[in-house]
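Chemist: Quick one, fold the following:
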Amino acid sequence: MTRSPAPRRRTSVPPVDPKRYAPTADYPVRAKMRRLAADTHIDPHHHPWGQLAFSVTGVIRMTATRSTYIVPPSRAVWIPQNVEHMVNVVEDAEIRTLYLYQDDRHVGPELSPPADSPWRHCRVIEVSSLLRELVMHLGTEPGAIVPGQRPGPREQHLIALVLDELRRAQQVPIGVDLPQDKRLRVLCESVLDDPTRWSTLETCAAETGASARTVARLFRSELGTTFLQWRQQVLLAKALTMAARKVPMSVIATELGYASPSAFTAMVRRSVGAPPSVFFS
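Modeler: Below is the predicted model:
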């Protein structure tokens, strides 16, 4: 590839000092609130505990390992301990983050989990109305916890309910894999920023100066899929964001380049096995 699309201009900010919100075995859940403007980029970092992040308002995109996740207010993304991740703010957002204590017996909200616990991996979950309200009522004051310090009685009840809601939360089969190849990574980031601009493999090839065969080969070798299949996951993530803002399905279908709402519905059914009315509810 000889040319790359110009990257969007972003404002980079460092992560908040993690020690100010560190959970402990006695204080297993800490909450943090942060307001960030669109196109803000939080530098790559990691924590020795698990993290659950979602937007109260706005949309964020969180990238970890080789996948990226679009997170509207109706969803949350789980990042296990010591997994490097970074955040891009898609729309002005108020972000609520939960830090969950982890050791050999705790993985996410589970106690003594099996080795194949899903909480050992990044995942997107549904945010129930109860979970959302519980998180909103957790204290977000920073400060190191004194050894042996426990939350007060009310917060203990809130934390217990938060953990129970997390155990019950449904996983959402949405996430977009990213390549390691730097040339293809730039192209994939451009598609994530504006998927309607990149509707065909030939469009991508023409923009980058590579042949369609070369781009197709990179998608197969790096991501194990075709460009169109990968782009469908991007469109699903984009549609999920729009649905969270209560945009009508007919408008979503049109803005994502589908000739009709029925064509968009067919794509969603093929991808997730459910119609938009169910998947985006």
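Chemist: On the three-state scheme, the most centrally placed residue in the chain is what?
Modeler: Residue closest to the average C-alpha location in the chain (Cα atoms, centre = their mean): residue 69, at 2.9 Å. Here residue 69 is recorded as strand under DSSP: H, G, I helix; E, B strand; the rest coil.
Chemist: Burial check on the residue nearest to it when sequence neighbours are not counted, number of neighbours?
Modeler: Nearest in space to residue 69, with sequence neighbours left out and distances taken as Cβ to Cβ, 6 or more residues apart in numbering, is residue 77 at 4.6 Å. (Each C-beta comes from the backbone N, C-alpha and C, glycine too.) Counted with other Cβ atoms under 10 Å, residues neighbouring residue 77 total 26.
Chemist: and what of residue 200?
Modeler: 12.
Chemist: residues touching the residue nearest to residue 69, list them.
Modeler: Residue 77 sits next to 52, 53, 54, 62, 69, 71, 122, 123, 124, 125 when contact means Cβ atoms under 8 Å, 6 or more residues apart in numbering.
Chemist: what's the domain layout of this structure?
Modeler: Per automatic domain parsing, the structural domains of the chain span 11-168, 176-279.
Chemist: can you count the residues close to residue 175?
Modeler: Applying other Cβ under 10 Å, we find 19 residues neighbouring residue 175.
Chemist: what does residue 251 give?
Modeler: Neighbour count of residue 251, defined by other Cβ under 10 Å: 11.
Chemist: Tell me how far the nearest residue to it once chain neighbours are set aside lies from residue 105.
Modeler: Nearest in space to residue 251, with sequence neighbours left out and distances taken as Cβ to Cβ, 6+ apart, is residue 242 at 7.7 Å. Using Cβ to Cβ, to the nearest Å, residue 242 is found at 41 Å from residue 105.
Chemist: Which residue ranges of the protein form helices?
Modeler: Assignment of helices within the chain using DSSP state H yields the ranges 129-137, 153-168, 182-193, 201-208, 212-223, 227-244, 249-255, 261-272, 276-279.
Chemist: Now tabulate the contacts of residue 77 in JSON lines and tack on distance to residue 222 and pLDDT.
Modeler: Putting these into JSON lines (distance: Cβ to Cβ, whole Å; pLDDT from 0 to 100) gives the following:
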{"residue": "52", "distance to residue 222": "29", "pLDDT": "96"}
{"residue": "53", "distance to residue 222": "26", "pLDDT": "94"}
{"residue": "54", "distance to residue 222": "29", "pLDDT": "89"}
{"residue": "62", "distance to residue 222": "20", "pLDDT": "92"}
{"residue": "69", "distance to residue 222": "19", "pLDDT": "90"}
{"residue": "71", "distance to residue 222": "24", "pLDDT": "85"}
{"residue": "122", "distance to residue 222": "18", "pLDDT": "92"}
{"residue": "123", "distance to residue 222": "22", "pLDDT": "91"}
{"residue": "124", "distance to residue 222": "22", "pLDDT": "91"}
{"residue": "125", "distance to residue 222": "27", "pLDDT": "92"}
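Chemist: Of those residues, which pair is most distant in space?
Modeler: Distances among these were taken as Cβ to Cβ; the most separated pair is 54 and 122, at 13.9 Å.
Chemist: Tell me which of these two has more neighbours.
Modeler: Shown here are residue 54 and residue 122; by other Cβ under 10 Å, residue 54 has more neighbours (26 against 21).
Chemist: Quickly list what the more buried one is bridged to.
Modeler: residue 96 (DSSP bridges).
Chemist: Okay, it and residue 128: tell me how far apart.
Modeler: Separation of residue 54 from residue 128 (Cβ to Cβ): 11 Å.
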